[in-house]
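Trainee: here is a sequence with its predicted model. Questions after.
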Amino acid sequence: MLTIAALYHFTRFDDPAALRGPLLDLCLAQGVTGTLLLAREGLNGTIAGPRAGIDAVIAHLRSLPGCAELEWKEATTDVPPFGRMKVKLKAEIVTMGQPDVDPTARVGHYVAPEDWNALISDPDVAVIDTRNDYEVAIGTFRGAVDPATRSFREFPQWWAENREKFAGKRIAMFCTGGIRCEKSTNFLLGQGINQVYHLKGGILKYLEEVPQDQSLWDGECYVFDGRVSVGHGLVPGPYDSCHACRRPLSPEDRQRPEYERGASCHHCLAEYSDADRDRFRERQRQMDLAEQRGARHLGA
């Protein structure tokens, strides 16, 4: 049994590059895989590994400057969700493209999962899903506004074009684990919106703690690991990923004529060249060969 840990923390790292090597070495030594991002504004990522390995990496992360209060969310899996370990240096740990946004200065009001239903059921509250369109497509909270953004960079422009629709409303926002809302609530506060709320711990914490018979969540929650989606109780769902475009696919999507395992789906059929498709097919062939050998291909 492997432990999956999803985490983020905003703090100020003067030299994130100096943190990369020791962190990567520890993860490799402990048999931990996944991706961690380091930037001047903090860290973000999802990792998986044996219980002792995850504990060692978490302890190391909490020893970094300003990270003593780092929190994380856990799940378990029998299937390794990642093929290798990557520690990347980035300009932002979640890219919004707004240099004045600083979650360490102030954010919106945190709302615990057990209090979220009451908030979003209030007719004076507008609920906004800050995730990408392909994530929203497989599940969201009832009545939530979908900005239909393809990346988080588009959120500020979407808000500028739509803010008048929310005049006089309190704003409640949510995302997968909470990291986007740290930035989006700070952004809205900077825009003069004072009554801003966000779901503490994100959708994952809600699905973990709120009983299904009391839930206002419909569908599945997309996750950025081999599980692809989870439902209530963080039970893995029926979705798989298109290995070409990485969008989630339901069992019905995989029956469509546009779907070719490893090469295309109905979302991306017109997005890639024939040369791209040939490359995707070769990658899938190598993955199949690795599986036959009982190994895991790094492109999986």
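Mentor: In hand now; what should we look at?

Trainee: grab the longest helix from this protein for me.
Mentor: helix 274-292 (DSSP state H).

Trainee: and that helix, C-alpha only, in CSV?
Mentor: The C-alpha trace of helix 274-292 is given here as CSV (Å, rounded to 0.1, in the frame of the first residue of the first chain):
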residue,chain,number,x,y,z
ASP,A,274,-0.1,13.3,-37.9
ALA,A,275,3.5,13.4,-36.7
ASP,A,276,2.3,14.0,-33.2
ARG,A,277,-0.1,11.0,-33.4
ASP,A,278,2.7,8.8,-34.6
ARG,A,279,4.8,9.9,-31.7
PHE,A,280,1.9,9.2,-29.3
ARG,A,281,1.4,5.7,-30.7
GLU,A,282,5.1,4.9,-30.3
ARG,A,283,4.9,6.1,-26.7
GLN,A,284,1.9,3.9,-26.1
ARG,A,285,3.7,0.9,-27.7
GLN,A,286,6.7,1.4,-25.4
MET,A,287,4.4,1.6,-22.4
ASP,A,288,2.7,-1.7,-23.4
LEU,A,289,6.1,-3.4,-23.8
ALA,A,290,7.1,-2.1,-20.4
GLU,A,291,3.9,-3.5,-18.9
GLN,A,292,4.5,-6.9,-20.5
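
Trainee: list the buried ones in stretch 31-39?
Mentor: Neighbour-count burial for stretch 31-39, with 16 or more other C-beta atoms under 10 Å as criterion, is recorded at Val32, Thr33, Gly34, Thr35, Leu36, Leu37, Leu38, Ala39. To be clear about C-beta, it is placed using only N, CA and C from the backbone, and glycine gets the same treatment.

Trainee: wait, doesn't Gly226 sit right on Thr77?
Mentor: Yes: between Gly226 and Thr77 there is a contact under C-beta atoms under 8 Å: 7.4 Å.

Trainee: rewinding a little: list the buried residues for the longest helix of the chain?
Mentor: Buried, per 16+ other C-beta under 10 Å, within helix 274-292: Arg277, Phe280, Arg281, Arg283, Gln284, Met287, Ala290.

Trainee: residues in contact with the closest residue to Asn162 other than its chain neighbours?
Mentor: Nearest non-adjacent residue to Asn162, counting by C-beta to C-beta, 6 or more residues apart in numbering: Pro147, 7.6 Å away. Counting by C-beta atoms under 8 Å, 6 or more residues apart in numbering, Pro147 touches Ile128, Asp129, Thr130, Glu154, Phe155, Trp158, Asn162.

Trainee: Thr149 too?
Mentor: Thr149 neighbours (C-beta under 8 Å, 6+ apart): Asn132, Asp133, Phe155, Trp158.

Trainee: okay if I get these as a markdown table plus pLDDT, neighbour count and distance to His232?
Mentor: Below are the contacts of Thr149 laid out as a markdown table (pLDDT from 0 to 100; neighbours: other C-beta atoms under 10 Å; distance: C-beta to C-beta, whole Å):
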| residue | pLDDT | neighbour count | distance to His232 |
| --- | --- | --- | --- |
| Asn132 | 96 | 20 | 22 |
| Asp133 | 96 | 15 | 23 |
| Phe155 | 98 | 24 | 27 |
| Trp158 | 98 | 15 | 29 |
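
Trainee: number of nearby residues for the closest residue to Trp217 other than its chain neighbours?
Mentor: Spatial nearest neighbour of Trp217, excluding adjacent residues (C-beta to C-beta, 6+ apart): Phe141 at 5.7 Å. Phe141 is flanked by 22 other residues according to other C-beta atoms under 10 Å.
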